[in-house]
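Peer 1: Attaching a predicted model along with its sequence, questions to come.
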Amino acid sequence: MAIYKVPPITALPSLSTAELATILDHLFEPSVPLHTLSVDLLRNQSFSSYNDMIASIGVQLTDLADSSSTSDSKWLESILGAHPRLGEKKIDSTQSKAEQAQLALDDGTGQDKLSELNALYERTFPGLRYVVFVNGRARSTILEDIQARIDRGDVAFERTDAIKVRAYLGKYVNFC
């Protein structure tokens, strides 16, 4: 399978909506609501690097998180909820497949517990998915983290953390 390489950052304003959406899908997760939020930003603002572009999208997401509007909260949740569940079998994103492959290297235990905690997390924080940087972390560490975050019960923290993780992961794409 060929590795997707994003075009030069200076090319963004000249790309089609579909090409810009593809870039967003590779940097984050496939999400039509993210396309709707950010395609115009990519087309109309100049960036010195992809990291700057990712940071600008992070600002857009943070603005939604900081808004008191219910519709903004729902919009943000639809974007953040595009991330696949940890341990999910069907994952569309190449980036998430590679990241989550690390969970399979564990001793194989804890899949039921992970599924149970994913479900509890989503009941505790409706509209969100538990996201964390997996690479190099043991499944037991991740299980402890998800439980601690459920116990804390802070939806604002979860939204902010999900935005940070997405921006962090977006920086690990092959840039031209």
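Peer 2: Received it, and whenever you're ready, just let me know what you need.
Peer 1: Let me know whether S48 touches L12 as I believe.
Peer 2: No - the pair formed by S48 and L12 falls short of the contact definition of C-beta atoms under 8 Å, at 11.7 Å. No exception for glycine: its C-beta is placed from N, CA and C like everyone else's.
Peer 1: Neighbours of P8, how many?
Peer 2: 10 (other C-beta atoms under 10 Å).
Peer 1: before we move on, what about D52?
Peer 2: The tally of other residues near D52 (other C-beta under 10 Å) stands at 12.
Peer 1: What of Y130?
Peer 2: By the measure other C-beta under 10 Å, the count of residues near Y130 is 24.
Peer 1: V59 too?
Peer 2: Applying other C-beta under 10 Å, we find 12 other residues in the vicinity of V59.
Peer 1: Of S48 and L12, which one has the most company?
Peer 2: A direct count of neighbours by other C-beta under 10 Å for S48 and L12 places L12 higher, at 22 against 9.
Peer 1: Need the three-state assignment for the more buried one.
Peer 2: Classification of L12 using DSSP: H, G, I helix; E, B strand; the rest coil returns helix.
Peer 1: Let me see the contact set for it.
Peer 2: L20, I23, L42, R43, F47, M53 (C-beta atoms under 8 Å, 6 or more residues apart in numbering).
Peer 1: which parts of stretch 4-14 are buried?
Peer 2: By neighbour count on 16 or more other C-beta atoms under 10 Å, the buried set for stretch 4-14 is V6, I9, L12.
Peer 1: correction: stretch 65-73
Peer 2: The neighbour-count criterion (16+ other C-beta under 10 Å) identifies A65, S73 as the buried residues of stretch 65-73.
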